[in-house]
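**Q** The following block contains a protein sequence and its predicted model.
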Amino acid sequence: MASVLEIQNLQVSYRSREGILSSALAGVSFDLMPGEIIGVLGESGSGKSTLAVSLVRLLPRNGEIIRGAVHFEGQDLLRATPDELQQIRGRCISLIFQEPSLALHPTLRAGEQVRQVLAAHSAPGKSALNERTRQVFAQLFPEDADRISRSYPHQLSGGQRQRVLIAQAIACGPSVVIADEPTASLDSATQMELLAVFRTLRERMGLAMIFITHNPALLSGFADRVLVLYGGQVVECGPAATVLASPRHPYTKALFQSIPAIFEERGSGRKTKLPVILGDSARSSLPRGGCPFEPRCTERMSVCREREPSLVNLSASHEVSCFKYES
Amino acid sequence: MRFRVSSMKVEASAGSQNMPPLLKVENLVKCYARRSLVGRGEELLALNGVSFTVFPGTTLAVVGESGSGKSTLASCLACLESPTAGNIWFEGKDIVKVEERVRRQLRPQIQLIFQDPASSLNPRWSVLEILLEPLILRRKFTREEMKQCASSLLERVGLSPDFVERPPTELSGGQRQRLAIARALALQPKLLILDEALSALDCSVQAQIANLLRELQSSLGMTYLFITHDLAMAVYLADEIAVMSRGRIVELGSAEQILDQPQHETTRQLLRALPRMTRALPAPEQ
């Protein structure tokens, strides 16, 4: 099957006020298959939000795409003209942001905000537009679509607002949705609800998704594949079940261990210290030779300092960037 | 000796039920009036008869979904809101009824830490200024004492003294939350209210801060009220867990009890909603 989105060696840097370039993404490559959900896992500073916005070229002014390619339907988005991009964003590829209270206009009704997205991409006449808006709302709010559509954002709960954002994102029937921490500000019950919504949409519309999060537990049972970012590089990538159950990269392992596991190991474990990843991610993003995780890694070897590891295939679909697995 | 921050040592005494309770909340009610332009408006019962007791050196976690009244409870305990009815006994004094002069003496002993350290620290101040503010407001210390105190506070929470001149915007999320904890410790409080203090942080950083809180509890004998929607972290940090729903505590028990024999439907729901690394998600809704 041909991939719907193909990212090749994407490198993005930010220019500071003094004109110094600092790298945020250092050569990221992966494919997204139609209808596939990829979970991108990373902590703050790993480049995961940069990845979300650079795929549709919405980087802030000081962000620069150094090299790479993003192929969508045979077209390289990084070389598309602004007009072409405008046609693709929202209609073919849409973006969902973290903070639903900031992403919605405070003085427009929810229905109007979705209608405007539709109007920007098609001109079917007023009644057809209203009908389509109604359909989109009915899909996301089976119970009280009309009331929600007439409400202002401040009258809605966090979960409802996030659903309105999803409505905007899927209104034009895109084939790819990029969601940047869409559930981070919500409580766990609402989080699970939204994950179920995403899965339903995937079944119904064949949506492919890039789901960005810092919480590995959310991806279990949800994502098809997991891509772990650290310091702007892919350190591990593989089927979700494999990566979540038996992570291979030292960073992924340490990350999973730092989550309190209340159901797995109980009793004596409860009052002991949580294993942590020593050090701070902010510092390890400084330009340096060698593996980006080396300063915090507990399994480091002398070679880790000397050069960068490359991705090693553990199986046909599971890749890890660590010298431990190089033969 | 005024600063006992680094020298104060209390035996870790989890569940020291022989001591008198540090905090005793009785039948707390908080009612918000929602005014509408026409008509009488409606009343919203954010807290509807909440009662619990916290013993010194222990942690009570308050868990519940958004809108269950957790944060209103925090505001009432920190004297940021005055409850509509009920009593809050702190070290035997009712901070609801007590006169303002006495309340001012009690307030520094209860400190609050918020969810988002980015918005609870002044970005234009240096780390030192942030740490000194509570001390300056007390007007009891000399400049030299304050500086000394600031550096011992930083050391306590595991921040390098090199940070003192920098603004908090140059710190990472975890470092900022450490700074917020240091500021809260400046006046040697007895009770720390942590209102979703870990929720905005990355998983690996959450673990670091959770360990720091544990450490401070055993070295300083701190008492925590840990407000969260993350049941897993609540079980990890707390001795007792109170489950809130619609302004009421619907279940209260030891962390093990809540986990092994959840009685109330809300608790079961929270347990079900907990994302687990090894569990498949329920089938998508039809």
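**A** Alright, I've got the coordinates. Residues are numbered from 1 along each chain as shown, chains lettered A, B, ... in the order given.

**Q** what about the helix or strand where B:Ile181 lies and chain A, touching?
**A** For B:Ile181, the host element (DSSP states H and E) is helix B:173-185. Yes. Residues of helix B:173-185 contacting chain A under Cβ under 8 Å from any Cβ of the partner chain: B:173-175. C-beta coordinates here come from the backbone N, C-alpha and C atoms, glycine included.

**Q** Please, where are all the helices along chain A?
**A** A:48-55, A:82-88, A:100-103, A:110-121, A:126-140, A:145-150, A:158-170, A:188-205, A:216-219, A:240-245, A:250-257, A:281-284, A:303-306 (DSSP state H).

**Q** Tell me, please, the helix or strand in chain A that averages the lowest pLDDT.
**A** Least confident helix or strand of chain A, by mean pLDDT, DSSP states H and E, is helix A:281-284 with a mean of 52.

**Q** Please list all residues in contact with B:Glu43.
**A** Contacts for B:Glu43 (Cβ atoms under 8 Å, 6 or more residues apart in numbering or on different chains) come out as B:31-34.

**Q** Identify, from those, the entry nearest to A:Glu203.
**A** B:Arg34 (40.0 Å; Cβ to Cβ).

**Q** hang on, the closest one packs against B:Ala46?
**A** No. Taking contacts as Cβ atoms under 8 Å, B:Arg34 lies outside contact range of B:Ala46: 11.0 Å.

**Q** neighbour count winner among those two?
**A** B:Ala46 (24 against 8; other Cβ atoms under 10 Å in any protein chain shown).

**Q** Could you check the pLDDT of that one?
**A** Per-residue confidence (pLDDT) for B:Ala46: 91.

**Q** just checking, it is part of a strand?
**A** Yes. Counting by DSSP: H, G, I helix; E, B strand; the rest coil, B:Ala46 falls inside a strand.

**Q** what about the closest residue to it other than its chain neighbours, distance to chain A?
**A** The shortest distance from B:Ala46 to any non-neighbouring residue, by Cβ to Cβ, 6 or more residues apart in numbering or on different chains, is to B:Thr72 (4.1 Å). According to Cβ to the nearest Cβ, to the nearest Å, B:Thr72 and chain A sit 16 Å apart.

**Q** Need the residues that contact stretch B:205-218.
**A** With Cβ under 8 Å, 6+ apart, stretch B:205-218 has contacts from A:43, A:258-260, A:273-277, B:12, B:57, B:59, B:156-158, B:172-174, B:177-178, B:181, B:185, B:194, B:197-198, B:201, B:222-224, B:233, B:236-237.

**Q** Report the buried members of the residues you listed.
**A** A:43, A:258-260, A:274-277, B:57, B:59, B:156-158, B:172-174, B:177-178, B:181, B:185, B:194, B:197-198, B:201, B:222-224, B:233, B:236-237 (16 or more other Cβ atoms under 10 Å in any protein chain shown).

**Q** Give me the pLDDT for the closest residue to chain B within the stretch 1-150 of chain A.
**A** Taking Cβ to the nearest Cβ as the measure, the point where the stretch 1-150 of chain A comes nearest chain B is A:Glu43, at 3.9 Å. Reading off the confidence values, A:Glu43 has pLDDT 86.

**Q** who's in contact with it?
**A** A:Glu43 touches A:214, A:230, A:255, A:281, B:202-205, counting by Cβ under 8 Å, 6+ apart.

**Q** got it, and B:Met244?
**A** B:50, B:62-64, B:68-70, B:73, B:250.

**Q** Out of the helices of chain A, flag the one nearest B:Val96.
**A** Nearest of the helices of chain A to B:Val96, taken as Cβ to Cβ: helix A:158-170 at 30.9 Å.

**Q** Report all helices and strands that that closest one contacts.
**A** Helices and strands touching helix A:158-170, by 3 or more Cβ pairs under 8 Å, 6 or more residues apart in numbering or on different chains; DSSP states H and E, are strand A:93-96, helix A:100-103, helix A:110-121, helix A:126-140, helix A:145-150, strand A:176-180, helix A:188-205.

**Q** ok, back up a step: what's the mean pLDDT across the helix or strand following the helix holding B:Ile181?
**A** On the C-terminal side of helix B:173-185, the nearest following helix or strand under DSSP H and E is strand B:191-195. What strand B:191-195 shows for mean pLDDT is 95.
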